[in-house]
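K.L.:
Here is a sequence with its predicted model. Questions after.
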Amino acid sequence: MTIANTPVWQALTTHRASLDGFHLKNAFQDDPNRAATYTATACGLTVDYSKNLITDETWSLLKQLANQCNLVEKCQAMFSGQKINTSEDRAVLHTALRDFSRQPIIVDGKNIAEDVQAVQEKMKQFVSQVHDGTWLGYQGQPIKDVLSIGIGGSFLGPKIMSEALLPYRENKVKVHYVANVDAHHIRDVLAKLDPATTLVIMSSKSFTTQETLNNTLIAKQWLLDDGATQSDVAKHFVCVSSNVAAASEFGIAPENIFPMWDWVGGRYSLWSAIGLPIALDLGYEGYEALLRGAYDMDRHFQEAPISQNLPMILALLGVWYINFFDAESHVLLPYYHYLRGLPAYVQQLDMESNGKQATLDNAYVDYATGPVIWGGEGTNGQHAFHQLMHQSQRIIPADFILPLVADHQYSEQHAMLAANCFAQTQALMVGKTEEEAKAELQDKGFTKATLAALSVQKFMPGNKPSNTILFDKLTPYQLGTIIALYEHKVFCQGVIWGINSFDQWGVELGKVLGNQILPHLGKEASQANFDASTNQLIQRFLTANRT
Ligand code: F6P
């Protein structure tokens, strides 16, 4: 039996139908305590979820849904190291990487907490060697630039966290990122760097990722072309991987390999040595503060009752819209320039985790799972895509995210940013009636017919849901709490849908087909025998590249 066949799901369906006349504007007028009732705080975060299409009954049913799915027990199963990633027979323990309780965590009879601490110690030493100039390149010069090569979780986490924490950078080295197999990027980045003072961090959990392997080969050749010898490579290449054997075989010096483990999912890996670029940017202490924030959110997630549990609240609201209002997407709107990468980060986290078709019992789901995650920084979106949020027929739940204190001195401008953020949540919620639109136009001398026509155009239905997430400053600690909040939200939704949030089988077929097509695009290309469309695309490529 899937979750959609349970009595609580049926009760939610019936309850949803009873809300057809519900309007948030009236709900706020009827209940002066609504904002206080539906606001929760933890770990420096305040989540105002009062502008959601919920009543006390909705909330009571959603909590029943959580209990029906044994959400609390499943949460403990993850933290204790049970192999909840069943299709890959793996534990899910990114939380162990930030577990400052230092309690033993046993996986397959081994205390992994010790392994984690050993790698963290190695990271710490590495960062201090690079920063104090004792890590020397092949010409005896200290390192000035770091090139991080990786993709997906081995790229987005480090890049986006470092970008978000720009004011906290130590600026001892400059970190550059290359992910795509599109070699325009690596060509352009290498053009700016000096091989003698550049260190490459190759990040690949699997050590099989085409993009990362090929970009690393290009970078290695670039070093050799500069005059370095094969034995110099160890001075310029380190690697983070769970596939230590493949990394050694590739030629990475064993002492330059930072291990990670199969119980860390790629999209949850910034807490492992994949986070090295962050530590190089912030210094190890800054990186540790990020981990501490995540650890505090982990404890909150494990300890707080559902009605105060931030990840559970966000998860239940998301399920409410996806499954009972047919919401297809969820928008993230950070009102903070440095957090502009957050939507892309959460996009991988959520869509790769919960974009699934099968339950843990190997049945096909007959309800929607994971939303399309998208977004962008405020206020830019207001002048672009917010129109569709305000007036289209779609329902797009939104998270507005705002640090209350800016990192710059232009306080009036920060007030404008905040005013825009609050105004958007308000406009989505209250909307504008036709009468209000008419009243605005009344004095402008329009004819009755024009007034009627324009009031339809200007009508804004309102009743559009949003959460507002506030905190004081975007410190490394606070960012850690935010990322862990979204990680656990995604996990909770996966539990409710009965799916495995920690595998990603859907990405494999494209990789296999890509490898089959590749030989047909080379100089010695043989006749392709795929479908007619693919054959035609290959032909066009060959024609365009014929010399
Ligand atoms: O192809 C998807 C994926 O496996 C992601 O899950 C992962 O974050 C990314 O590719 C990179 O993988 P790796 O770190 O193994 O190179």
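P.N.:
Yep, it's here.

K.L.:
Could you report the distance from D226 to D443?
P.N.:
Between D226 and D443 the computed distance is 73 Å (C-beta to C-beta, to the nearest Å). The way it works is simple: take the backbone N, C-alpha and C, and place the C-beta from them, glycine included.

K.L.:
quick check: longest helix of this structure.
P.N.:
When the chain is parsed with DSSP state H, its longest helix is helix 476-497.

K.L.:
tell me the contacts of the residue nearest the centre of the chain?
P.N.:
The centre of the chain sits closest to V346, judged by C-alpha atoms, centre = their mean, with a distance of 2.1 Å. By C-beta atoms under 8 Å, 6 or more residues apart in numbering, the residues touching V346 are 332, 373, 486.

K.L.:
Any chance of CSV for those, columns distance to the ligand, neighbour count and pLDDT?
P.N.:
Below are those laid out as CSV (distance: C-beta to the nearest ligand atom, whole Å; neighbours: other C-beta atoms under 10 Å; pLDDT from 0 to 100):
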residue, distance to the ligand, neighbour count, pLDDT
L332, 19, 23, 98
I373, 15, 23, 98
Y486, 16, 21, 99
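
K.L.:
Run a quick neighbour tally on G462.
P.N.:
A count of nearby residues for G462, using other C-beta atoms under 10 Å, gives 18.

K.L.:
just F258 next, same as before
P.N.:
For F258, the neighbour count with other C-beta under 10 Å is 21.

K.L.:
Just the CA coordinates for the longest helix of the chain, please, in CSV.
P.N.:
This file holds the C-alpha atoms of helix 476-497, laid out as CSV (Å, rounded to 0.1, in the frame of the first residue of the first chain):
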residue,chain,number,x,y,z
PRO,A,476,29.5,30.4,7.8
TYR,A,477,27.6,28.9,10.8
GLN,A,478,24.3,30.3,9.6
LEU,A,479,24.9,29.0,6.1
GLY,A,480,25.5,25.5,7.6
THR,A,481,22.1,25.6,9.3
ILE,A,482,20.4,26.7,6.0
ILE,A,483,21.9,23.9,3.9
ALA,A,484,21.2,21.2,6.5
LEU,A,485,17.6,22.6,6.8
TYR,A,486,17.1,21.9,3.1
GLU,A,487,18.8,18.6,3.2
HIS,A,488,16.5,17.4,5.9
LYS,A,489,13.5,18.9,4.3
VAL,A,490,14.3,16.8,1.2
PHE,A,491,14.9,13.7,3.3
CYS,A,492,11.5,14.1,5.1
GLN,A,493,9.7,14.4,1.8
GLY,A,494,11.4,11.3,0.5
VAL,A,495,10.2,9.4,3.6
ILE,A,496,6.6,10.6,3.1
TRP,A,497,6.6,9.5,-0.5
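
K.L.:
what does the protein have sitting close to the ligand?
P.N.:
Residues of the chain that fall close to the ligand, judged by C-beta under 6 Å from any ligand atom: 151-154, 204-206, 209, 212, 266-267, 352, 504, 507.

K.L.:
In helices, which of those residues appear?
P.N.:
Filtering the residues of the chain next to the ligand for helices - DSSP H - leaves 212, 352.

K.L.:
Which of the residues of the chain next to the ligand are buried, as a PyMOL select command?
P.N.:
Applying 16 or more other C-beta atoms under 10 Å to those leaves a buried subset, and the PyMOL line that selects it is:
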select buried, resi 151+152+153+154+204+205+209+212+266+267+352+504
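
K.L.:
ok, I143 touching L199?
P.N.:
Yes: if you go by C-beta atoms under 8 Å, I143 and L199 touch, sitting 4.7 Å apart.

K.L.:
Could you pull out the residues contacting both of the two?
P.N.:
Contacts common to I143 and L199, judged by C-beta under 8 Å, 6+ apart, are 130, 135, 137, 173.

K.L.:
just for the chain, where's the confidence low?
P.N.:
Scanning the chain for pLDDT under 70 picks out 525.

K.L.:
Which stretches in it count as strands?
P.N.:
Taking DSSP state E as the test, the strands found in the chain are 39-42, 45-48, 106-107, 110-111, 145-149, 174-178, 198-203, 237-241, 257-259, 329-334, 372-375, 398-403, 466-471.

K.L.:
For the closest residue to the ligand within the stretch 201-350 of the chain, give me its contacts.
P.N.:
Here the residue of the stretch 201-350 of the chain nearest the ligand is G266; by C-beta to the nearest ligand atom that distance is 2.7 Å. Neighbouring residues of G266 by C-beta under 8 Å, 6+ apart: 152-154, 205-206, 504.

K.L.:
Now tabulate these in JSON lines and tack on distance to V8.
P.N.:
As requested, these are exported to JSON lines (distance: C-beta to C-beta, whole Å):
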{"residue": "G152", "distance to V8": "36"}
{"residue": "G153", "distance to V8": "34"}
{"residue": "S154", "distance to V8": "39"}
{"residue": "K205", "distance to V8": "38"}
{"residue": "S206", "distance to V8": "39"}
{"residue": "Q504", "distance to V8": "29"}
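
K.L.:
Which two of those residues have the greatest separation?
P.N.:
Spatial extent of the contacts of G266 (C-beta to C-beta) is set by the pair S154 and Q504 at 13.4 Å.

K.L.:
re the thing from before, please tabulate the contacts of V346 in TSV, including the columns distance to T433.
P.N.:
Conversion of the contacts of V346 to TSV gives the following (distance: C-beta to C-beta, whole Å):
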residue	distance to T433
L332	29
I373	32
Y486	35
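
K.L.:
show me the contacts for the closest residue to the ligand within the stretch 301-450 of the chain.
P.N.:
As assessed by C-beta to the nearest ligand atom, the ligand sits closest to E352 within the stretch 301-450 of the chain, at 5.8 Å. By C-beta under 8 Å, 6+ apart, the residues touching E352 are 152, 267, 504, 507.

K.L.:
which of those residues lies closest to T425?
P.N.:
The closest of the contacts of E352, once distances to T425 are taken by C-beta to C-beta, is R267, at 28.4 Å.

K.L.:
Could you measure from that closest one over to K473?
P.N.:
26 Å.

K.L.:
ok, now Q424?
P.N.:
22 Å.

K.L.:
same thing with A27?
P.N.:
32 Å.

K.L.:
Just want to know which of those two has more residues nearby.
P.N.:
Higher neighbour count among A27 and K473: A27, with 19 against 13, using other C-beta under 10 Å.

K.L.:
Not including adjacent chain positions, what is the nearest residue to that one?
P.N.:
Nearest-residue entry for A27: R34, 6.1 Å, with adjacent residues in sequence omitted and distances by C-beta to C-beta, 6 or more residues apart in numbering.

K.L.:
I'd like to know how many residues surround that neighbour.
P.N.:
17.

K.L.:
And the residue of the stretch 101-250 of the chain closest to the ligand?
P.N.:
Using C-beta to the nearest ligand atom, the single residue of the stretch 101-250 of the chain nearest to the ligand is G152, 2.6 Å away.

K.L.:
Without its sequence neighbours, what residue ends up closest to that residue?
P.N.:
G266 (5.6 Å).

K.L.:
got the domain boundaries for the protein?
P.N.:
Under the assignment automatic domain parsing, the domains of the chain span 40-69+304-430+465-497, 94-288, 505-544.

K.L.:
Switch these over to JSON lines; also include distance to M1.
P.N.:
Converted to JSON lines, the domains of the chain look like this (distance: least, C-beta to C-beta, whole Å):
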{"stretch": "domain 40-69+304-430+465-497", "distance to M1": "9"}
{"stretch": "domain 94-288", "distance to M1": "28"}
{"stretch": "domain 505-544", "distance to M1": "24"}
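
K.L.:
before we move on, back to that, more crowded one of D226 and D443?
P.N.:
Taking D226 and D443 together and counting by other C-beta under 10 Å, D226 has the greater number of neighbours (16 against 7).

K.L.:
Surely the more buried one touches L193?
P.N.:
No: if you go by C-beta under 8 Å, D226 and L193 don't touch, sitting 10.3 Å apart.

K.L.:
follow-up on the earlier one: what residues are up against the residue nearest to A27?
P.N.:
Taking C-beta under 8 Å, 6+ apart as the test, what R34 contacts is 27-28, 50.

K.L.:
Which one of those is nearest to the ligand?
P.N.:
For the contacts of R34, the nearest to the ligand is S50 (35.6 Å; C-beta to the nearest ligand atom).
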